[in-house]
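Engineer: take a look and give me a structure for this.
(one chain, ligands or ions: 2)
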Amino acid sequence: MPEHKKSSVVSAPGKVLLAGGYIVLDREYSGLVFGLSARINVVSHPIQSTKGVHLTEIVVESPQFDDDSWVYGYTPVEGQGGVKVTQLDPGNKPFKPNHFVETTLNYVLSYIVSLPPKPTFTAITPAKFTILADNDYYSTSSSSSSPSARHRFRHLGQTISKANKTGLGSSAALVTSLTGCLLSHYLPLSVFNLSTPSGRQTLHNLSQAAHCAAQGKIGSGFDVASAVYGSCIYRRFSPSLLSSLPTPGTKGFGKAVVETVHSPNWDQEINKEETDLAGGYKIRMVDVTGGTATVSMVKLVNAWREKNRSEADELFSSVETKMKVLAQALKQGDEPAVKQAMGEVRKLMKTMGEQSGAEIEPDSQTKMLDELEGLEGVVGSVVPGAGGYDAAALVIRDDEVTVERVKKFLEEYSRREGVKARLLDVLGEVEGARLEGWDGTRWEEL
Ligand SMILES: Nc1ncnc2c1ncn2[C@@H]1O[C@H](COP(=O)(O)OP(=O)(O)OP(=O)(O)O)[C@@H](O)[C@H]1O
Ligand SMILES: C[C@@](O)(CCOP(=O)(O)O)CC(=O)O
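Structural biologist: Ligands and ions are numbered 1, 2, ... in the order given. Reported below is the predicted structural model:
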């Protein structure tokens, strides 16, 4: 583990889009997203070269998963192309790429070496980056109260591709925390400081660029926005900002990344003032061990909207109106208003699903959420984001009795319906990406 003075630790939260799925893809509409207490942390460690050996290696490891570490060589690219990393064959193990990690390295290292006043390839030195994800990002067969589950960064006993995601936005939290850690590790505080508004803006723009490239599509970016800024009402950036970046490893890539990240044309809106959760309430998530194919659902909703423009636009506007009412009610702790607004958002999203053919609130989720809403202390529920079988979101009263009641209900419901529904430990949280302090053993728990 690293000597703390030479290490940086950056964490970024997961997300829950409480209201605004699909509509937030269009800049006309905004969505309400909360950050989550489940964070992905990235810890940097310099690698000392032994005398006479010239290393140009960057290692990224995710020790909670079987065999998941990736070794990259890095080389400068001529013609202001920045840096290109190439994954090195581990020899003794199967060769497994991690597209999100590799793309982030290409974008962030290229940005760092291409910063004005002049390109400095020597800014990059060999280093290792360790990814530590809070447990709630993945479903497991063990219950959350078992001893191994209490470990902060549990070993999952499988590879990343086999792990069952709960839908809390692991790739956005990973790309954002890795971007923040690379910037903090390689750049002096005078050039990149995560705690300043301009540092956050750089982190946001660069993480959006890397995440879109890794995903192979330009989504709304609400997940990266909340990983950087935490809870907010989010209006997306114009997709044209990222549509003409060259490919990593080609001439002009590094220069283009710097120009794009520093462009004055970024037009996302992050409204944090109207997003808060009053004391006495908590946002909790219920995992149903499913997962959702967001891309095909978005295609169905878009196709329906194309054909039924005025009906769809009316529905989209109603979702946005109710989203704003919900944000205000949550901030004020107005329980009846939260209940009503969540109920209305649910109904509208159910209708969007029925009209478009996308399973936004599948009937099995409807049944579970209706029953949950009947419990004392459960204020409201929604299928967040794209909906489907990702973890559902609840607003509940913040007391032990309610939590126990919900847990007991989910046990009984799982037995009765033959499903695995459980309350995740994760809570809604307002804060975004942050530099973590070094406190000795905290990052050595694995
Ligand atoms: N702990 C981790 N260590 C290394 N890579 C990770 C980790 N978590 C996520 N990733 C990367 O992110 C990818 C998962 O991204 P994907 O977009 O499929 O899921 P997601 O962002 O969690 O989805 P959702 O938004 O539905 O929660 C993994 O294949 C891997 O490349
Ligand atoms: C459908 C969409 O609006 C939300 C997807 O949310 P999630 O990944 O299911 O949390 C897509 C997007 O905003 O990029």
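Engineer: where do the strands sit along the stretch 51-200 of the chain?
Structural biologist: In the stretch 51-200 of the chain, the segments counted as strands under DSSP state E, counting those that start in this stretch are 57-61, 69-77, 82-87, 127-133, 138-139, 164-165.
Engineer: what does the fifth one rub up against?
Structural biologist: Think strand 138-139. With contact meaning CB atoms under 8 Å, 6 or more residues apart in numbering, strand 138-139 is reached by 156, 163-166, 287, 289, 420. In short, each C-beta sits where N, CA and C put it, glycine included.
Engineer: indicate which one of the strands of the stretch 51-200 of the chain is closest to residue 202.
Structural biologist: Residue 202 sits nearest to strand 82-87 of all the strands of the stretch 51-200 of the chain, at 15.7 Å, using CB to CB.
Engineer: quick check, that closest one touching ligand 1?
Structural biologist: No - counting by CB under 6 Å from any ligand atom, ligand 1 is not contacted by strand 82-87; separation bottoms out at 12.7 Å.
Engineer: send me that strand as CSV with only the CA atoms.
Structural biologist: Listed in CSV are the C-alpha atoms of strand 82-87, where the atom choice follows Å, rounded to 0.1, in the frame of the first residue of the first chain:
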residue,chain,number,x,y,z
GLY,A,82,-1.4,13.1,-26.5
VAL,A,83,-0.7,9.7,-25.1
LYS,A,84,-1.8,6.2,-26.2
VAL,A,85,-1.9,3.3,-23.7
THR,A,86,-1.6,-0.3,-24.9
GLN,A,87,-2.7,-3.1,-22.7
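Engineer: and that strand, what's its mean pLDDT?
Structural biologist: Averaging pLDDT along strand 82-87 yields 96.
Engineer: cool, and stretch 308-318?
Structural biologist: Mean pLDDT, stretch 308-318: 98.
Engineer: just to revisit the earlier point, tell me the least confident of the contacts of strand 138-139?
Structural biologist: Across the set of those, residue 289 stands lowest in pLDDT, at 72.
Engineer: okay, now the nearest residue to residue 184 once chain neighbours are set aside: neighbour count?
Structural biologist: Spatial nearest neighbour of residue 184, chain neighbours left out: residue 8 (4.0 Å); criterion: CB to CB, 6 or more residues apart in numbering. Number of residues near residue 8 (other CB atoms under 10 Å) recorded here: 23.
Engineer: where in the stretch 301-446 of the chain is pLDDT low?
Structural biologist: 438-446 (pLDDT under 70).
Engineer: which residue ranges of it form helices?
Structural biologist: Using DSSP state H, counting those that start in this stretch, the helices assigned to the stretch 301-446 of the chain run over residues 309-332, 335-356, 363-373, 400-417.
Engineer: any chance of the ones you listed in CSV, plus distance to ligand 2?
Structural biologist: Formatted as CSV, the helices of the stretch 301-446 of the chain follow (distance: least, CB to the nearest ligand atom, whole Å):
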stretch, distance to ligand 2
helix 309-332, 11
helix 335-356, 10
helix 363-373, 13
helix 400-417, 21
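Engineer: you'd agree residue 209 is up against residue 108?
Structural biologist: No - using CB atoms under 8 Å, residue 209 is not in contact with residue 108; the gap is 9.6 Å.
Engineer: neighbours of the closest residue to residue 194 other than its chain neighbours, just the number please.
Structural biologist: In space, and not counting its chain neighbours, residue 194 is closest to residue 435: 5.2 Å by CB to CB, 6+ apart. Per other CB under 10 Å, the neighbour tally for residue 435 reads 16.
Engineer: likewise residue 118?
Structural biologist: 7.
Engineer: and it, how close does it get to residue 248?
Structural biologist: From residue 118 across to residue 248, the span is 21 Å (CB to CB, to the nearest Å).
Engineer: report the contact partners of the residue lying closest to residue 211 once chain neighbours are set aside.
Structural biologist: Leaving aside its chain neighbours, residue 211 sits nearest to residue 175 (4.5 Å; criterion: CB to CB, 6+ apart). Counting by CB under 8 Å, 6+ apart, residue 175 touches 100, 104, 207, 210-211, 214, 224, 227.
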